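Asker: have a look at this fold, sequence not included:
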Ligand SMILES: O=C(O)c1ccccc1NCC(=O)[C@H](O)[C@H](O)COP(=O)(O)O
């Protein structure tokens, strides 16, 4: 059974049926339960759909993405797109996320750091019980982070779009990445209205047609984009997109989002592939993400050709996140 997402339906460039089928096959994550959600309220009645194994999520990423479809219905009821779009019109200008990373790399001779404001995760549970997002963000900034990443997913990461807004309102000047599982343009508007300067798009979730559409839509909203891959095949696919005139950087997630396994060697494998070579030739900034705990890890990721790093757990679990940033970047 084939499921076309709404973004594909809205996509501007027409695509042949063959191309669309190919893109669908390349993305292992199913965007919705094939037989529908277990139960659906409809007025006074509730439709229950018998559950088969085929209708259960195959991994955590699928579970999160299926949840997003339900979450988005409620979000749109609470705050319609028209309201968000009005908020964006009066929002302050966004900041140059990719530029800040490049500038930091030039200045300190180390990868530009995206420090993640992350309370919990599906793989680690609660990482920082004493969680004050604004305090952590300010400490990261004082320590020398070039940019921040803020988890906004509530159910699996105990994050919030409110944290983005609070961090921005508190006067933190470093550009902010909205770390969300984006499947629809509505979430871009929500991110921008909450104070984000950039958004994450995950290639394991989004076929190229959706990536192309969402990159265009994000840039139009004033948001830069970090497109994340986990495998050489995903990077090869993403590189087929015409991204030269877009505000885009790339990232290699060393965490397999389907199994939670973290392997920093993944960074080398991908950067040494011919797709990795192409990244360098085309001049895209690449971030190494996940499982970065020590200055040696930073040096390793840099040696593969990455100009940026995204780090969560190893910084957020420290009592003094400012000192943790300085230690990681050997700035202390
Ligand atoms: O972190 C998880 O358990 C996780 C599970 C499912 C989807 C995404 C997940 N994490 C997102 C990330 O990749 C990390 O937050 C980010 O790269 C920082 O990683 P780390 O430094 O290892 O906290």
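Answerer: Yes, it's here. Since the model is a prediction, treat every value here as computed from it, not as a measurement. Numbering: from 1, shown residues only.

Asker: ramachandran angles for the closest residue to the ligand within the stretch 201-332 of the chain?
Answerer: The nearest approach of the stretch 201-332 of the chain to the ligand comes at residue 312, 2.9 Å away (Cβ to the nearest ligand atom). Backbone N, C-alpha and C define where each C-beta goes, glycine included. The phi and psi torsions at residue 312 (degrees, to the nearest 10) take the values phi -120, psi -80.

Asker: distance of the residue in the chain sticking out farthest from the centre relative to residue 73?
Answerer: Centroid-distance maximum for the chain: residue 44 at 37.8 Å, with Cα atoms, centre = their mean. Distance of residue 44 to residue 73, given as Cβ to Cβ, to the nearest Å: 18 Å.

Asker: list the residues that contact the residue of the stretch 201-332 of the chain closest to the ligand.
Answerer: Neighbouring residues of residue 312 by Cβ atoms under 8 Å, 6 or more residues apart in numbering: 115-116, 118, 121, 127, 149, 290.

Asker: so for it, what's the pLDDT?
Answerer: Looking at residue 312, its pLDDT reads 98.

Asker: return the residues of the stretch 151-300 of the chain in contact with the ligand.
Answerer: Contact residues, the stretch 151-300 of the chain versus the ligand (Cβ under 6 Å from any ligand atom): 253, 255, 257, 260, 289-292.

Asker: with secondary structure and neighbour count added, can I get those residues in CSV?
Answerer: Shown next, in CSV, are these (DSSP: H, G, I helix; E, B strand; the rest coil; neighbours: other Cβ atoms under 10 Å):
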residue, secondary structure, neighbour count
253, strand, 24
255, strand, 19
257, coil, 22
260, coil, 13
289, strand, 29
290, coil, 25
291, coil, 21
292, coil, 26
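
Asker: for my notes, please list those in CSV and give pLDDT for each entry.
Answerer: Conversion of these to CSV gives the following (pLDDT from 0 to 100):
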residue, pLDDT
253, 97
255, 94
257, 78
260, 88
289, 98
290, 97
291, 96
292, 98
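
Asker: and of the residues you listed, the nearest to residue 180?
Answerer: residue 257 (13.7 Å; Cβ to Cβ).

Asker: so that closest one makes contact with residue 202?
Answerer: Yes: using Cβ atoms under 8 Å, residue 257 makes contact with residue 202 at a distance of 7.5 Å.

Asker: name the residues contacting each of these two.
Answerer: Overlap of the contact sets of residue 257 and residue 202 (by Cβ under 8 Å, 6+ apart) consists of residue 61.

Asker: tell me if the helix or strand hosting residue 137 is near the ligand.
Answerer: Assessed by DSSP states H and E, residue 137 sits inside helix 133-143. No: using Cβ under 6 Å from any ligand atom, we find that helix 133-143 stays clear of the ligand, coming within 12.8 Å at best.

Asker: thanks a lot, see you next time.
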